[in-house]
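Trainee: okay, here's the prediction I keep looking at, along with the sequence it came from:
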Amino acid sequence: MLRKIIHQCLLMTITICFTMNLFTGCSLKKDNATQETGVRNETLESNSTDSWELARTTPYEPYPEEVTYSIGLQVNASVTYPSGSDDNAENNGYTRLYKNKLNIQNEDVFEAVDGDDYDQKVSMAITSQEIPDIMNVDYKTLKELIANDMIEDLTECYNNCASDLMRDIYASNDNKSLDMATFDGKLYAIPITSISAGQEMLWLRGDWMDQLNLDEPKTIDDIEHILQEFVDKDPGNNGAGKTVGLVLNPDIYYGGYAQAYQANNIFTYYGACPKQWIEDKDGNAVYGSVQPQMKQGLQVLADWYKKGLIDQQVAIRATDDITALVTSGQCGALFCGWWAPYTLEASYTLNNEADWRAYIVPAGADGKVTMFAGDPNQHYKVVRKGYEHPELLVKAVNISLDYNQGTSSYTDTSDIAKEYLEYVNHAYGVDPIGGFDYYEAASLAYEHISEAMEGKRDSKNMIMYENTLFQSCQKYQEALDKGEKPESTDWLNYNARLVSSKLMHDTPVNVIQPVFFDQTDSMPLKWSSLEKLEKEAMLKILTNEKNIDYFDTFVDEWMKAGGEQITKEVNEAIK
């Protein structure tokens, strides 16, 4: 009996122990599984965090998930997309490349035509305190946004994510573009650079010069002699009194150096810089148009006008009217930069015997023409304060630069890259991000195209746009070799990219750097009336309605009408 009881107790003990071990074992397995799941989740989270951090801090790493950004899009009045496509501003060859490379997608908050329409939309967004994540602004608006703490400091984003190409492009103008966007040591925008206009050139009808046995001009007297011969001897057979020597815009100069139909070189020859804020001998900022050096250049032009060498209708000519004079063969001379063939193409189309030749004159005693530089930036791309991925802007600009100013257009043979380049080449749609170019872009293009023409450079070792120009220049040369008339586009590209650009590239120049491109507090109220006063005074002197001494009266009126106050404000702003 006792043995039976002991046996039963042993069975119960064994059962209890087995059961306890069973439950204990399950508990341990459950704990181990929980720990393993936790470690795995932490690893996934860590990998995800690392991926986001890598995207945030490196130039080309795509985001692990799609990132959207809202944007205020600048468009032109004639936006088109490939025939038969359903593309739009948010789904096109540009946006698909950005999505493919970085996993980003734009959402347009507003679209507006570049200019007043776009500026108004930007102003409304700022007033409502609801600006898009990314938008383009001018310098005045950039400062307003900084003052109101509405945009991100992009210093770290630039330091981490700017590509070597982006840094090289900014360095091509001594980082002046970045300096303009930097306040208190912080970078608040990705500036869109301006390229150098190069030297202003005097463009003359070379076929007329040959007909009249005229030598190339070097001095102001040489220019006057050529103009006099054109007007007096009518080599274009326009009829007595119908040939115009030099055409000018009614503004005579209007701020940008080497633009068409100006006469900046006549002023810079005498040390004047019209419409520029420059430094005087005492280190103060002064407005170039009211400096005494202006009088000598004005006197030369007034004398030419009096002799009939300048278009006698200059005061009332619109730009289209001036272009018509040039195209029709009534005009023998104009000032413009290296890009004048774009304006002169219609002249060649109408008369392929019209041989326009460029000269960088008049040079000073040192043998160099003096020019003034322009604003280093066109506009500024900013990021809304609080946007989670401000570095996205820098990364996206990298992509645009690589495919336009870099070599990705050749190394990337994917369909999406080909589509992007097709959009660029056919000007389809609007690139929501876009890029910018080297300061010396025109000079670099000349170097690359001329080397390719001589067989010294592989045509693929240049950007796509340069390659297109190179092919056009080849067609021009081939047509001449066959005794055929080159197409007007090929004539344009050859003369702009290999003739006048060579002259620009090879000719030394003195460059004056203006010291102020901003607006002061008084400018919004007073500047337009001061500009009107300036234009009217200059035209009166040019057309001999007033003599040169009237310049001093104009300066006095300009100062009293707000010029003196604005000059003080400019110097205060610089300091």
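Mentor: Received, thanks. Please read all numbers here as calculations on a predicted model, not as lab measurements. Residues are numbered from 1 along each chain as shown.
Trainee: what's the closest non-adjacent residue to the residue nearest the centre of the chain?
Mentor: Nearest to the mean C-alpha position of the chain, counting by C-alpha atoms, centre = their mean, stands Ser194 at 4.0 Å. Nearest residue to Ser194, sequence neighbours excluded (C-beta to C-beta, 6 or more residues apart in numbering): Gln378, at 5.3 Å. (Glycine included, C-beta is placed from N, CA and C.)
Trainee: please apply the same query to Lys295.
Mentor: Closest residue in space to Lys295, ignoring its immediate chain neighbours: Phe551 at 5.2 Å, by C-beta to C-beta, 6+ apart.
Trainee: okay, that neighbour: pLDDT?
Mentor: As predicted, Phe551 sits at a pLDDT of 98.
Trainee: now do the phi/psi pair for it.
Mentor: phi -60, psi -40 (degrees, to the nearest 10).
Trainee: any idea how far the residue nearest to the centre of the chain lies from Ala427?
Mentor: 20 Å (C-beta to C-beta, to the nearest Å).
Trainee: what's near enough to touch Leu187?
Mentor: Applying C-beta atoms under 8 Å, 6 or more residues apart in numbering, we find Leu187 in contact with 153-155, 158, 178, 181.
Trainee: now list the buried members of those residues.
Mentor: The neighbour-count test (16 or more other C-beta atoms under 10 Å) marks 153-154, 158, 178, 181 as buried among these.
Trainee: can I get these in CSV including secondary structure, distance to Ile226 and pLDDT?
Mentor: Shown next, in CSV, are these (DSSP: H, G, I helix; E, B strand; the rest coil; distance: C-beta to C-beta, whole Å; pLDDT from 0 to 100):
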residue, secondary structure, distance to Ile226, pLDDT
Asp153, coil, 56, 98
Leu154, coil, 52, 98
Tyr158, helix, 51, 98
Leu178, helix, 44, 98
Ala181, coil, 45, 98
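Trainee: from these, which two are the most distant?
Mentor: The span of the buried ones among the contacts of Leu187, defined through C-beta to C-beta, is set by Asp153 and Leu178 at 13.6 Å.
Trainee: quick one, helices of the stretch 51-200 of the chain?
Mentor: 93-102, 116-127, 139-147, 155-161, 164-171, 176-180 (DSSP state H, counting those that start in this stretch).
Trainee: which one of those helices lies closest to Thr327?
Mentor: Nearest to Thr327, of all the helices of the stretch 51-200 of the chain, is helix 116-127, at 29.6 Å by C-beta to C-beta.
Trainee: shouldn't Ile278 be within a helix?
Mentor: No: secondary structure of Ile278 (DSSP: H, G, I helix; E, B strand; the rest coil): strand, not part of a helix.
Trainee: show me what it is bridged to.
Mentor: Under the criterion DSSP bridges, Ile278 forms beta bridges with Val286.
Trainee: ok, how many other residues are close to it?
Mentor: With neighbours defined by other C-beta atoms under 10 Å, the count for Ile278 comes to 18.
Trainee: that older thread, does the residue nearest to Ser194 touch Ala189 like I think?
Mentor: No: using C-beta atoms under 8 Å, Gln378 makes no contact with Ala189, being 11.9 Å away.
Trainee: quick one, which of those two is more surrounded?
Mentor: Comparing Gln378 with Ala189 by other C-beta under 10 Å, the one with more neighbours is Ala189, at 28 against 15.
Trainee: measure the more buried one to Asn136 for me?
Mentor: Separation of Ala189 from Asn136 (C-beta to C-beta): 9 Å.
Trainee: highest mean neighbour count out of the helices of the stretch 51-200 of the chain?
Mentor: For the helices of the stretch 51-200 of the chain, the largest average neighbour count (mean count of other C-beta atoms under 10 Å) is found in helix 93-102, namely a mean of 21.
Trainee: helices or strands next to that one in the packing?
Mentor: Where contact means 3 or more C-beta pairs under 8 Å, 6 or more residues apart in numbering; DSSP states H and E, helix 93-102 is packed against strand 104-113, helix 391-404, helix 415-426.
Trainee: picking up where we left off before, the residue nearest to Lys295 contacts Gln293, doesn't it?
Mentor: No: between Phe551 and Gln293 there is no contact under C-beta under 8 Å: 10.8 Å.
Trainee: could you find the closest non-adjacent residue to Gly434?
Mentor: If the residues on either side of it in the chain are set aside, Gly434 comes closest to Ser400, at 5.6 Å by C-beta to C-beta, 6+ apart.
Trainee: contact partners for the one you found?
Mentor: Neighbouring residues of Ser400 by C-beta under 8 Å, 6+ apart: 431, 433-435.
Trainee: with Pro132 instead?
Mentor: With C-beta under 8 Å, 6+ apart, Pro132 has these contacts: 69-72, 109-110, 125, 384.
Trainee: can you tell me the helix or strand for Asp251?
Mentor: For Asp251, there is no enclosing helix or strand under DSSP states H and E.
Trainee: heads up, I number from 719, so please use that
Mentor: Okay, using 719 as the starting number, the last item reads as Asp969.
Trainee: Lys1250: neighbouring residues, count only.
Mentor: Using other C-beta under 10 Å, Lys1250 has 11 other residues around it.
Trainee: follow-up on the earlier one: now flag whichever of the contacts of Ser1118 is closest to Ala1081.
Mentor: Distances from Ala1081 to the contacts of Ser1118, taken as C-beta to C-beta, are shortest for Gly1153 (35.6 Å).
Trainee: am I right that that closest one is in contact with Val1112?
Mentor: No: between Gly1153 and Val1112 there is no contact under C-beta under 8 Å: 11.6 Å.
Trainee: could you tell me the end-to-end distance of stretch 1142-1155?
Mentor: One end of stretch 1142-1155 to the other measures 15 Å (C-alpha to C-alpha, to the nearest Å).
Trainee: and it, average pLDDT?
Mentor: Across stretch 1142-1155, the average pLDDT comes to 93.
Trainee: buried stuff in it?
Mentor: Buried-residue list, stretch 1142-1155, by 16+ other C-beta under 10 Å: 1142, 1146-1155.
Trainee: then stretch 793-804?
Mentor: Quick answer for stretch 793-804 (16+ other C-beta under 10 Å): 793, 799.
Trainee: could you export that stretch as PDB, CA atoms only?
Mentor: Listed next in PDB are the C-alpha coordinates belonging to stretch 793-804 (Å, rounded to 0.1, in the frame of the first residue of the first chain):
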ATOM      1  CA  VAL A 793       6.600  79.500 -67.200                       C
ATOM      2  CA  ASN A 794       6.700  81.200 -70.600                       C
ATOM      3  CA  ALA A 795       3.700  82.100 -72.700                       C
ATOM      4  CA  SER A 796       4.200  79.300 -75.200                       C
ATOM      5  CA  VAL A 797       4.800  76.100 -73.200                       C
ATOM      6  CA  THR A 798       4.400  73.000 -75.400                       C
ATOM      7  CA  TYR A 799       4.900  69.300 -74.800                       C
ATOM      8  CA  PRO A 800       5.700  66.500 -77.300                       C
ATOM      9  CA  SER A 801       2.800  65.800 -79.700                       C
ATOM     10  CA  GLY A 802       0.400  63.100 -78.500                       C
ATOM     11  CA  SER A 803       1.700  63.100 -75.000                       C
ATOM     12  CA  ASP A 804      -0.300  63.600 -71.800                       C
END
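Trainee: same drill for Phe1269 and Gln1011, tell me which one is more crowded.
Mentor: When neighbours are counted by other C-beta under 10 Å, Phe1269 comes out ahead of the other of Phe1269 and Gln1011, with 21 against 15.
Trainee: measure the residue nearest to Ser912 to Trp1245 for me?
Mentor: Taking C-beta to C-beta, one finds Gln1096 at 20 Å from Trp1245.
Trainee: returning to that earlier point: pipe the helices and strands packed on helix 811-820 into TSV and attach distance to His1223 per row.
Mentor: Converted to TSV, those look like this (distance: least, C-beta to C-beta, whole Å):
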stretch	distance to His1223
strand 822-831	35
helix 1109-1122	22
helix 1133-1144	25
